[in-house]
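> the following block contains a protein sequence and its predicted model.
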Amino acid sequence: MDKIRTVCIPACENHEGFYKVNLLLNWICPICGEPRGEIKEGLSYDGSLRLNCNVWDNPCGHIDKYEDVRKEALQNGLNGANRTTKYVVNLSGGKDSTAMLLEILQRNLPVDYILFADTSKDFPQMIDHIKKLQEYIKKKYPKAPPITTIKCDKSFDYLMFEHIKTRGKNKGKRGYGWATMRNRWCTSTLKTAELDRFCKSLKCNVVNYVGIAVDEPKRLDYKIKYFKRKQFKLMKCYPLADWNMTEAAALQYCYDLGFDWGGLYKHFDRVSCWCCPLKNLKELKNLYKYYPELWQELKQMDERSFNRFRADYTVAQLDERFKRELKDGGGNDN
Ligand code: SF4
Ligand SMILES: [Zn+2]
């Protein structure tokens, strides 16, 4: 399967220790079709000056000369004016996708659309972050496309409490209830399906930039989706992994640029829906402690849901537990 990866290489033979270019490549050896090697940081020497750039050794033994790579990039439909592919950034708004987007713009990699899938359950601080990010991008990268918000025509609450299932073993049942590890219906319906639908509507090959850090290798899924009778394909690209950026580095990168999500990352490891039942107990306790209005809403949602919030606790039971713990002085935040 062909992966698409981003590399930073000398822009020309006499780079003078300065001229580099970021390119997208199909990660296969052009001679034998085997996968190329791991991307590493290295040096290029032009006879007088050195330049920090990417290097890789192909396991097949064929050597990729930068000159050939530049030619390949001009012809692979992925770069420059004659590209036939559209580039879509999946922006969840979290630290990883934010760092990825800003660095993509900084490296001048192609971007046609920046998509934010609105589930209506994001923290208010996240919505503020998206606005702030939009302002920042508009100022610093005036040529970048605006952030497009996409939204499923069915709401989170409708799907969770009202929707009548028409298939599967729960046919006829009302509402999907709380998401579980095995059934994250909300991610698939409100995010993945909407993002895919948008990409399909472009009617061309699409590269989807996804912000997954290098220290989460299990989540790097390069599976290609085909649509319109295999006429077009949707390919994933994970620039943070190509750049060796960890989750901690992504957060720091955003903090350094002044993005702090109103402190959300002090209370949560992952910032997604405030009502997510897949949060750990520490995060739920912080929700209870610092976001009491959202917690009240969570309690009401749990009363309406057909399934329990978690296998071990309902929200009401968690409420009791946290109240007791905080009274006993056990209110650790981290
Ligand atoms: S964050 Fe949790 S609640 Fe929100 S879409 Fe994902 S699984 Fe569902
Ligand atoms: Zn080869």
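Yes, it's here. Fair warning: this is a prediction, and the values are worked out from it, not measured in the lab. Numbering: from 1, shown residues only. Ligands and ions are numbered 1, 2, ... in the order given.

> tell me which parts of the stretch 51-200 of the chain are close to ligand 2?
60, 62 (C-beta under 5 Å from the ion). In short, each C-beta sits where N, CA and C put it, glycine included.

> for the stretch 51-200 of the chain, which segments are assigned as strands?
86-90, 113-117, 147-150 (DSSP state E, counting those that start in this stretch).

> what packs against the last one?
It stands for strand 147-150. Other helices and strands packing on strand 147-150, by 3 or more C-beta pairs under 8 Å, 6 or more residues apart in numbering; DSSP states H and E, are strand 113-117, helix 124-140, helix 193-201.

> what angle separates the last one from strand 113-117?
With axes from the mean of the first three to the mean of the last three C-alpha atoms, to 10 degrees defining the directions, helix 193-201 sits at 150 degrees from strand 113-117.

> got the contact list for helix 193-201?
86, 88, 90, 113, 115, 117, 148, 150-152, 206, 208, 225, 227-228, 232, 234 (C-beta atoms under 8 Å, 6 or more residues apart in numbering).

> relative to Thr246, how far out is Tyr290?
26 Å (C-beta to C-beta, to the nearest Å).

> tally of neighbours for the closest residue to ligand 2 within the stretch 101-250 of the chain?
Residue of the stretch 101-250 of the chain nearest ligand 2, by C-beta to the ion: Tyr222 (18.8 Å). When counting by other C-beta atoms under 10 Å, one arrives at 14 neighbours for Tyr222.

> and if you look at Met126?
22.

> helix/strand/coil for Thr6?
strand (DSSP: H, G, I helix; E, B strand; the rest coil).

> what's in contact with stretch 307-317?
With contacts defined as C-beta under 8 Å, 6+ apart, stretch 307-317 is touched by 177-178, 180, 277, 298-299, 301-303, 318, 321.

> ok now the strand or helix carrying Tyr253, how far from the chain's centre?
Assigned by DSSP states H and E, Tyr253 belongs to helix 247-256. Taking C-alpha atoms, centre = their mean, to the nearest Å, one finds the center of helix 247-256 at 14 Å from the center of the full chain.

> just stretch 203-214 next, same as before
Centre to centre, stretch against its chain (C-alpha atoms, centre = their mean), the figure for stretch 203-214 is 9 Å.

> what residues sit buried inside that stretch?
Neighbour-count burial for stretch 203-214 flags 205-214 (criterion: 16 or more other C-beta atoms under 10 Å).

> ok, stretch 308-315 next?
Buried residues in stretch 308-315 (16+ other C-beta under 10 Å): 308-310, 313, 315.

> buried only: go through the contacts of stretch 307-317 for me.
Applying 16+ other C-beta under 10 Å to the contacts of stretch 307-317 flags 177-178, 277, 298-299, 301-302, 318 as buried.

> before we move on, back to that, what's the closest non-adjacent residue to the residue of the stretch 101-250 of the chain closest to ligand 2?
Distances taken as C-beta to C-beta, 6 or more residues apart in numbering place Lys3 nearest to Tyr222, at 4.6 Å, with adjacent residues excluded.

> distance of that neighbour from Asn90?
17 Å.

> quick one, which of those two is more surrounded?
More crowded of Lys3 and Asn90, by other C-beta under 10 Å: Asn90, with 22 against 18.

> which non-adjacent residue is nearest the more buried one?
Val210 (5.2 Å).

> check contacts around the one you found.
90, 97, 100, 236-238.

> in which helix or strand would I find the spatially most central residue of the chain?
Central residue of the chain (C-alpha atoms, centre = their mean): Gly211, 3.3 Å from the mean position. Take DSSP H and E as the rule and Gly211 turns out to sit in neither a helix nor a strand.

> cool, and Lys299?
In this assignment (DSSP H and E), Lys299 forms part of helix 292-304.
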